[in-house]
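Student: got a structure for you, letters missing:
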Ligand SMILES: CC(=O)N[C@H]1[C@@H](OP(=O)(O)OP(=O)(O)OC[C@H]2O[C@@H](n3ccc(=O)[nH]c3=O)[C@H](O)[C@@H]2O)O[C@H](CO)[C@@H](O)[C@@H]1O[C@H](C)C(=O)N[C@@H](C)C(=O)N[C@H](CCC(=O)O)C(=O)O
Ligand SMILES: Nc1ncnc2c1ncn2[C@@H]1O[C@H](COP(=O)(O)OP(=O)(O)OP(=O)(O)O)[C@@H](O)[C@H]1O
Ligand SMILES: N[C@H](CCC[C@H](N)C(=O)O)C(=O)O
Ligand SMILES: [Mg+2]
């Protein structure tokens, strides 16, 4: 595609070369280490480095053109160099055009919120696949796929991919026959403009509670990042009426807003929740009708997620009864309240709760149905918001009978220091506790301590299959570890 067409109508200055003569044939790259000869390089400023330092490398690897924010000296004359005001804002423009604006050819649902994005995405996918026989693409924390076919992406791809990857993935999904895509919109992605130029039909808001304060600084800035999705980026919104942020969203939204809630009056409202170890029954009130419903995940939060998925599907024109029936048959979501039962009669819940609110919601749910003791094994990620550590310790102590604090991707931090920061919150509750830095040993200790009828919660990693210690990524899987150490009896 000609460079002039990629940038048509977008403010830019030609620093050297003739963009009318440049044909970008080999894609777009923002990382010189992943350049292909014939591609366009986009220089972006990062948290550690500035992509402008690597334009020379990109050219050596065969870049035919570069997009930059400032003039650079010494580049060979055959390379076309264009200056724009903000390369992060320009990347989605050129990426969406390069891949033929795939988001316009599909229904796109973007889910934002602190917790529940992956879960709601999987619920929407099940609702449309089972309830409407639709081919749905899913983009999020646990990868990208259309139906059961994975869409190839780099292992390091974040929850919400950079615009260059995002539009490539959307094109692949369209080519694989997807008519709808449901994707997670992380606050960092919204802040870093990865979702600009994506044609989003429905924006879904689940909730806002403390997390990612290392990235955003304050709750207000974190909220403002989430609100970007609703300030003109999506046509319609589906919002959680039980969360006060829904009021901010309604004030911003140019299009229709559909609400869901458990406590509050809402377009989709759940009442009469009955929770047990395998799921939650509730009554759904919508459009003057009452329907009996079930979601095969225990907890009030699971009902909130189901309501979000039903409402989003309904907004896209799908039948509420069919969608609700499909959610009743939701396949287990890896690492989200995934329950294993050991031959000794102990239930082990492996869950991705890695923030205060999610840990509290999951533990309150377990406490509600556990007949015996609740044993919690958890840690907090290194190089991630340290302000959540002591509060998570306190929550674990408040809801459990025994807590083992361990490691969860310490990354560049000292694992002992992370545990030191969790410890005061836990110690304040007086709950019996141990610290065992090695996660496998911690799980082993919990299994040894548990008796018939006890429930062990192993929180924080969910479906992750690794433990990042320093710069090493080692294979580690909570579920596999439980099976290896204790064996398993299938539960459902
Ligand atoms: C912390 C953060 O925001 N990182 C993003 C950032 O990377 P960075 O700041 O580390 O990059 P850098 O090393 O400073 O380099 C700056 C630029 O120079 C380029 N470069 C660098 C070195 C080189 O030799 N050649 C070269 O071209 C880099 O590719 C980059 O474009 O810029 C990159 C693209 O330019 C992003 O892909 C990267 O996202 C990484 C993958 C990431 O993990 N981000 C996190 C914060 C994230 O997005 N998380 C959310 C939230 C998850 C959740 O909800 O829990 C997510 O959506 O996953
Ligand atoms: N609506 C909810 N409210 C609070 N906690 C929830 C909710 N839904 C799920 N959780 C909890 O949060 C954990 C993570 O859920 P999920 O993976 O769906 O969230 P996410 O928003 O995609 O997270 P991430 O930001 O890491 O991608 C779950 O394992 C569960 O413990
Ligand atoms: N996507 C999130 C989840 C982290 C989960 C937890 N296991 C950790 O490593 O902190 C992140 O990268 O911040
Ligand atoms: Mg997720």
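Tutor: Everything's here; your move. On a predicted model such as this, the values are computed, not experimentally measured, just so you know. Numbering: from 1, shown residues only. Ligands and ions are numbered 1, 2, ... in the order given.
Student: for the stretch 51-200 of the chain, what lies in contact range of ligand 1?
Tutor: For the stretch 51-200 of the chain, the contact set with ligand 1 under Cβ under 6 Å from any ligand atom comprises 51, 54, 156, 158-160, 162, 186, 188-189. (Glycine included, C-beta is placed from N, CA and C.)
Student: in the stretch 151-300 of the chain, what residue comes closest to ligand 3?
Tutor: Closest approach of the stretch 151-300 of the chain to ligand 3 (Cβ to the nearest ligand atom) occurs at residue 159, with a separation of 5.7 Å.
Student: enumerate every residue touching that residue.
Tutor: Contacts for residue 159 (Cβ atoms under 8 Å, 6 or more residues apart in numbering) come out as 117, 140-141, 184, 186, 189.
Student: that one and residue 94, how far apart?
Tutor: Distance, residue 159 to residue 94, by Cβ to Cβ, to the nearest Å: 23 Å.
Student: pLDDT below threshold where in the stretch 351-492 of the chain?
Tutor: The model of the stretch 351-492 of the chain has pLDDT under 70 over residues 489-492.
Student: closest residue of it to ligand 1?
Tutor: Closest point on the stretch 351-492 of the chain to ligand 1, by Cβ to the nearest ligand atom, is residue 354, at 8.0 Å.
Student: neighbours around that residue, how many?
Tutor: The tally of other residues near residue 354 (other Cβ atoms under 10 Å) stands at 24.
Student: and if you look at residue 220?
Tutor: 9.
Student: ok, residue 205 next?
Tutor: So residue 205, with other Cβ under 10 Å, has 27 neighbours.
Student: kindly report the same for residue 118.
Tutor: Neighbours of residue 118 using other Cβ under 10 Å come to 23.
Student: likewise residue 47?
Tutor: When neighbours are defined as other Cβ under 10 Å, residue 47 has 5 of them.
Student: quick one: contacts for it?
Tutor: Per Cβ under 8 Å, 6+ apart, neighbours of residue 47: none.
Student: could you find the closest non-adjacent residue to the residue of the chain found nearest ligand 3?
Tutor: Closest residue of the chain to ligand 3, Cβ to the nearest ligand atom: residue 381 (2.0 Å). Distance criterion Cβ to Cβ, 6 or more residues apart in numbering; nearest residue to residue 381, sequence neighbours excluded, is residue 409 at 4.7 Å.
Student: now residue 123
Tutor: Excluding its sequence neighbours, the residue lying closest to residue 123 (Cβ to Cβ, 6+ apart) is residue 309, at 3.5 Å.
Student: next up, the contacts around the one you found.
Tutor: So, once contact is read as Cβ under 8 Å, 6+ apart, residue 309 ends up touching 120, 123-124, 127, 323, 327.
Student: sec struct for whichever residue of the stretch 101-250 of the chain sits closest to ligand 1, please.
Tutor: Nearest to ligand 1 in the stretch 101-250 of the chain, going by Cβ to the nearest ligand atom, is residue 158, at a distance of 2.8 Å. What DSSP: H, G, I helix; E, B strand; the rest coil gives for residue 158 is coil.
Student: ok, residue 15 next?
Tutor: strand.
Student: what number of residues lie near residue 274?
Tutor: Neighbour tally, residue 274, other Cβ under 10 Å: 10.
Student: pretty sure it belongs to a helix, no?
Tutor: No - when three-state DSSP is applied, residue 274 is found to be strand, with no helix at that position.
Student: who are the packing partners of the least confident helix or strand in the chain by mean pLDDT?
Tutor: The weakest-scoring helix or strand in the chain, judged by mean pLDDT, DSSP states H and E, is helix 213-216 (a mean of 84). Secondary-structure packing of helix 213-216 (3 or more Cβ pairs under 8 Å, 6 or more residues apart in numbering; DSSP states H and E): helix 187-191, helix 219-227.
Student: could I get the ones you listed in CSV, plus columns for distance to ligand 2 and mean pLDDT?
Tutor: Below are those laid out as CSV (distance: least, Cβ to the nearest ligand atom, whole Å; pLDDT from 0 to 100):
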stretch, distance to ligand 2, mean pLDDT
helix 187-191, 9, 96
helix 219-227, 11, 94
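Student: which of those sits most buried?
Tutor: Most buried of the helices and strands packed on helix 213-216, by mean neighbour count (mean count of other Cβ atoms under 10 Å): helix 187-191, with a mean of 21.
Student: chain center to it: distance?
Tutor: Centroid displacement of helix 187-191 relative to its chain, using Cα atoms, centre = their mean, to the nearest Å, is 11 Å.
Student: where do the helices of the stretch 251-400 of the chain begin and end?
Tutor: For the stretch 251-400 of the chain, the helices defined by DSSP state H, counting those that start in this stretch cover 300-315, 320-328, 356-369, 389-399.
Student: give me whichever of the ones you listed is most buried.
Tutor: Most buried among these, given mean count of other Cβ under 10 Å as the contact rule, is helix 300-315, at a mean of 28.
Student: hmm, that helix in reach of ligand 2?
Tutor: Yes - if you take Cβ under 6 Å from any ligand atom as the test, helix 300-315 does meet ligand 2, through 301, 304-305.
Student: next, the angle helix 320-328 makes with that helix.
Tutor: Going by axes from the mean of the first three to the mean of the last three Cα atoms, to 10 degrees, helix 300-315 is angled at 140 degrees with respect to helix 320-328.
Student: residues contacting the residue in the stretch 351-492 of the chain positioned nearest to ligand 4?
Tutor: Closest residue of the stretch 351-492 of the chain to ligand 4, Cβ to the ion: residue 352 (7.7 Å). Residue 352 is in contact with 118, 335-336, 358, 459-464, counting by Cβ under 8 Å, 6+ apart.
Student: what residues does the stretch 101-250 of the chain have near ligand 4?
Tutor: 117-118, 141, 184 (Cβ under 5 Å from the ion).
Student: and ligand 2, which of the contacts of residue 352 contact it?
Tutor: 118, 336, 358, 462.
Student: among those, which pair sits farthest apart?
Tutor: Maximum pairwise distance among the ones next to ligand 2 among the contacts of residue 352 (Cβ to Cβ): 11.3 Å, between 118 and 358.
Student: out of the residues of the stretch 51-200 of the chain next to ligand 1, who's nearest ligand 4?
Tutor: So of these, ranked by how close each gets to ligand 4 (Cβ to the ion), first place is residue 159, at 5.2 Å.
Student: residue 12 contacts residue 87, doesn't it?
Tutor: No - at 10.5 Å, residue 12 does not count as touching residue 87 under the criterion of Cβ atoms under 8 Å.
Student: more neighbours, those two?
Tutor: Taking other Cβ under 10 Å, residue 12 and residue 87 do not tie; residue 87 has more neighbours (22 against 17).
Student: mind checking pLDDT for that one?
Tutor: If you check residue 87, the pLDDT there is 98.
Student: state the distance from it to residue 11.
Tutor: 12 Å.
Student: what of residue 379?
Tutor: 47 Å.
Student: and the two? which has more neighbours close in?
Tutor: Counted by other Cβ under 10 Å, residue 379 and residue 11 do not tie: residue 379 has more neighbours, with 28 against 10.
Student: correct me, but the more buried one touches residue 435?
Tutor: No - judged on Cβ under 8 Å, residue 379 makes no contact with residue 435 at a distance of 9.6 Å.
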